[in-house]
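Asks: one predicted model, sequence on top.
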Amino acid sequence: MAKLNMVKALNLALLQEMERDEDIVVIGEDVGVDGGVFRVTEDLHRKFGGKRVIDSPLAEAAIVGTSIGMALYGLKPVCEIQFSGFSFQGFHQIENHAARYRMRSQGRFHCQMVVRMPYGGGVRALEHHSESEEQFYAHIPGLKMVIPSGPRNARALLVSAIRDPDPVVFFEAKGLYHAAREDVPDEIETLPIGRAHVVREGADLTVISYGAMLRVAREAAETLAAENGVECEVIDVLTLSPLDRETLVASVRKTGRAVIVHEAPRSFGPGAEIATSIMEGAFLSLEAPIRRVTAGDVPFVGFARERANVPDVARVLAAARDTLAY
Amino acid sequence: MPRKVLEPRFSVEYLSILDSDGNLDAALEPEISPEQLQTLYRAMLLGRRLDERMVRLQRQGRVGTFAPIKGQEASQMGSVFSLRRTDWMVPSFRETAAMLWRGWPIEKLLLFFAGHLEGGQPAPDQRDLPITIPVATQLPHAVGLAYAAQYRGDDVVVMAFFGDGATSEGDFHEALNFAGVWHVPIVFVCQNNQWAISVPIKKQTHSRTLAQKALAYGLPGIQVDGNDVLAVYAASRDAVEQARAGDGPTLIECVTYRLGVHTTADDPTKYRSEEEVQEWERKDPLTRFAAYLQKKNLLPEGLEQEVDAEIAAAVTRFEAAAAADPLRMFDHVYAEPPPHLVAQREEMRERLRSDNAPPEGEPHPSPPMRGQRSTSRWRN
Ligand SMILES: Cc1ncc(C[n+]2csc(CCOP(=O)(O)OP(=O)(O)O)c2C)c(N)n1
Ligand SMILES: [Mg+2]
């Protein structure tokens, strides 16, 4: 057991899995000698060499595309896209191919691979370094989409993603990389992909979030308990696709109210799918319209305005109180 | 004959005029008036001094992450110097010196790097695209600009900037290919600073030069000493003239070096040696050009102080700029904001007003019991 931040926890997952399985290769821009711009692949190059930890030329399409080829051959590539904002350069490879080889070849081929990328704001960064783009990946059939919320579940989910026979897009919240340290067991841990986690139990209102916004949701829940005696159930989605509708619906059947918090723009965002799933499964239990607390439908606001755009505790509280008072 | 040579005459030239020891190839020396030489030097110096100032501002938290240009002043100024105001300039993200020359005010650039989108707005008469961060993605836009200029019959040349790493992206190759097929008036300026963050040029390409990549697309490519402003200028002037005359695009590879960090978030000691950096410091483009001017008695006294004063005044104006009004984030999403954006803006305005309202000292009323409906919405 060691206290690790999310960077170190992810690094541990890669290290231990690579020790266990020679088919795992790591590929991306600056992942080798430099150890990744966020240091998630630190020391792997030194340990496993340049053939397994590949400092690729600067081309996302080829990083994903060659990984697909490796996966078709039987390797298990873990690619890093330096920032989610640059994953669109490899998007056609993910959507057109990684997600479809199983179907296209009618089961003969599949792509066991992970595409990791940092996403989200909070780091005073320039355009394409602060956005949340999970909705694009969550929408692709054949692909899984995972977003951990802290060191321990990040490590366990990355191990699961590497072992998953299907392609997994794995989002790492930049704001969480160094935010907190958690006890992470020495022995390898996994967490099932496709399962949400109830991180706080309560009967009055369900607050649903993931990634860096989970902390905001939890803080709002604590404030509501302290100031208003309201007990929120807080759900950490963890996997956006396939979405754990069962857990979400069960919670709202109990509470009758839901607030969804995400950093991605509102329209056609994950909140829409989550809300609809709840509506379909818990319609008769609903006491109030489901509320979404999200960023605005704007492309990029510049970090000087970021705080006004990204959900914070006050906004979650306001939405929760509206919902409760409905 | 079943097997024969089709293209026997591929070649890539290397151009150097003023080397790092101050040796001048007088036969190649471009004709530049004394005033222009001084202007050129001043622009390079301004780029260098602002860069140093910005690193300090970043360390103090007054601007955010940015990409320093130190070492690349000759590549930028030698190339952009050959453009007219009516030509177009398409930057990537490491062209501060060139952007200043093209008329971007210092305080605007600072505003941009301090996280304000206002800093990215070109002036109405400026034919410059804003900074583009996704590597190589601006290159097809540059080709499109050149096509449009040609379509309209305008006397316009487009110059596009990018790094060595950018030549690995598909967009680079697609842009060169289109430019070749369309035969448009464009000059591609690659600042080969030897590194793409931690990846050295040897891991970026198996080609001997980047210039030769042009040949595959049917365009000329030339490699120049990118720390020799005379060589960069000579090559760029020729390429711009050629483009203007309707003789098509050129790729110029400026062999230079990033003396500083990749960005202020980078630690180059992880991947490159101090000796390598020192070796390139000896080839500093400013020292070399200053010595050349000194010999011609063209180096004015007090230039550094003058440039620093210009920067200081701009920093003061930058710091006096109004705090970011969050509501303006909705301003330029569409020509006409659709109803949902108007609503989101209104929602934010409400929120900001209540955030700024003095605390009333009243606790939030308790929410109604679960399942109990109140007629009015309960607001905090
Ligand atoms: C498409 C894309 N991928 C990754 C990045 C992250 N990134 C920023 S600069 C850079 C290296 C660029 O190298 P080069 O083209 O040589 O330009 P230089 O930074 O050396 O000026 C990388 C990988 C990016 N901005 N865009
Ligand atoms: Mg470079």
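Replies: Everything's here; your move. Numbers count the residues shown, from 1 in each chain, chains lettered A, B, ... in the order given. Ligands and ions are numbered 1, 2, ... in the order given.

Asks: ok, now which ones touch the nearest residue in space to residue B:230 that is not next to it in sequence?
Replies: Nearest non-adjacent residue to residue B:230, counting by CB to CB, 6 or more residues apart in numbering or on different chains: residue B:17, 4.2 Å away. The way it works is simple: take the backbone N, C-alpha and C, and place the C-beta from them, glycine included. Residues in contact with residue B:17 (CB atoms under 8 Å, 6 or more residues apart in numbering or on different chains) are B:24-25, B:28-30, B:225, B:228, B:230-231, B:234.

Asks: and these, which of them are in strands?
Replies: In strands, defined here by DSSP state E, the members of these are residue B:225.

Asks: tell me the one of the contacts of residue B:17 nearest residue A:120?
Replies: residue B:225 (42.6 Å; CB to CB).

Asks: got the contact list for the closest one?
Replies: B:14-17, B:19, B:231-232, B:254-255.

Asks: if you set the cut-off to 10 Å instead, what comes out?
Replies: B:14-20, B:74-75, B:78, B:231-232, B:235, B:254-256, B:283, B:285, B:288 (CB atoms under 10 Å, 6 or more residues apart in numbering or on different chains).

Asks: which among those end up buried?
Replies: In terms of neighbour count (16 or more other CB atoms under 10 Å in any protein chain shown), the buried residues within the contacts of residue B:225 are B:15-18, B:20, B:74-75, B:78, B:231-232, B:235, B:254-256, B:283, B:285, B:288.

Asks: for ligand 1, what's the nearest residue on chain B?
Replies: residue B:163 (2.2 Å; CB to the nearest ligand atom).

Asks: next up, the contacts around that residue.
Replies: A:58, B:67, B:72, B:92-94, B:135-136, B:190-196, B:204, B:210, B:258.

Asks: could you report the pLDDT at residue B:88?
Replies: Residue B:88 carries a pLDDT value of 98.

Asks: check contacts around it.
Replies: Here residue B:88 is in contact with B:102, B:126-129, B:141-142, B:145-146, B:148-149, B:156-160, B:185-186 (CB under 10 Å, 6+ apart).

Asks: quick check on those residues: which are buried?
Replies: Neighbour counting over those (16+ other CB under 10 Å) leaves B:102, B:126-129, B:141-142, B:145-146, B:149, B:156-160, B:185-186 as the buried ones.

Asks: take those residues and keep only those in helices.
Replies: B:141-142, B:145-146, B:149 (DSSP state H).

Asks: from residue B:262, how far off is residue B:197?
Replies: As for residue B:197, its distance to residue B:262 is 5 Å (criterion: CB to CB, to the nearest Å).

Asks: what is in contact with the two at once?
Replies: Counting by CB under 10 Å, 6+ apart, the common neighbours of residue B:197 and residue B:262 are A:30, A:34, A:37, B:268, B:271.

Asks: neighbour-wise, which of those residues leads?
Replies: Highest neighbour count within these, by other CB atoms under 10 Å in any protein chain shown: residue A:30, with 24 neighbours.

Asks: where does that one land on pLDDT?
Replies: So, for residue A:30, pLDDT stands at 98.

Asks: residues of the stretch 201-350 of chain B that sit close to ligand 1?
Replies: By CB under 6 Å from any ligand atom, the part of the stretch 201-350 of chain B that sits against ligand 1 consists of B:258, B:262.

Asks: quick check: the residue of chain A nearest chain B.
Replies: The nearest approach of chain A to chain B comes at residue A:325, 2.9 Å away (CB to the nearest CB).

Asks: in the stretch 151-300 of chain A, which spans are helices?
Replies: Counting by DSSP state H, counting those that start in this stretch, the stretch 151-300 of chain A has helices at residues A:151-163, A:213-228, A:245-255, A:270-282.

Asks: give the buried residues for the helix-or-strand element of chain B with minimal mean pLDDT.
Replies: Lowest on mean pLDDT, DSSP states H and E among the helices and strands of chain B sits helix B:339-356, with a mean of 92. Under the neighbour-count criterion of 16+ other CB under 10 Å, helix B:339-356 has B:341, B:344-345, B:348, B:351 buried.

Asks: ok, it near chain A or not?
Replies: Yes - using CB under 10 Å from any CB of the partner chain, helix B:339-356 reaches chain A at B:340-341, B:343-345, B:347-348, B:350-352, B:354-355.

Asks: can you tell me the SS state at residue B:239?
Replies: Here residue B:239 is helix, with the state taken from DSSP: H, G, I helix; E, B strand; the rest coil.

Asks: can you report how many residues lie near it?
Replies: 27.

Asks: excluding its backbone neighbours, what's nearest it?
Replies: residue B:250 (3.7 Å).

Asks: hey, what's that neighbour bridged with?
Replies: On the basis of DSSP bridges, residue B:250 is bridged to residue B:187.

Asks: tell me the contacts of it?
Replies: B:179, B:186-189, B:211, B:214, B:219-222, B:235-236, B:238-240, B:242-243.

Asks: just read off the phi/psi values of residue A:55.
Replies: phi -80, psi 100 (degrees, to the nearest 10).

Asks: do you know the pLDDT at it?
Replies: What the model reports for residue A:55 is a pLDDT of 98.

Asks: next one: it from ligand 2, what distance?
Replies: According to CB to the ion, to the nearest Å, residue A:55 stands 14 Å off from ligand 2.

Asks: picking that back up, adding distance to residue B:115, mean neighbour count and mean pLDDT, write the helices of the stretch 151-300 of chain A out as a markdown table.
Replies: Shown next, in a markdown table, are these (distance: least, CB to CB, whole Å; neighbours: other CB atoms under 10 Å in any protein chain shown; pLDDT from 0 to 100):
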| stretch | distance to residue B:115 | mean neighbour count | mean pLDDT |
| --- | --- | --- | --- |
| helix A:151-163 | 27 | 24 | 98 |
| helix A:213-228 | 21 | 21 | 98 |
| helix A:245-255 | 35 | 20 | 98 |
| helix A:270-282 | 26 | 19 | 98 |
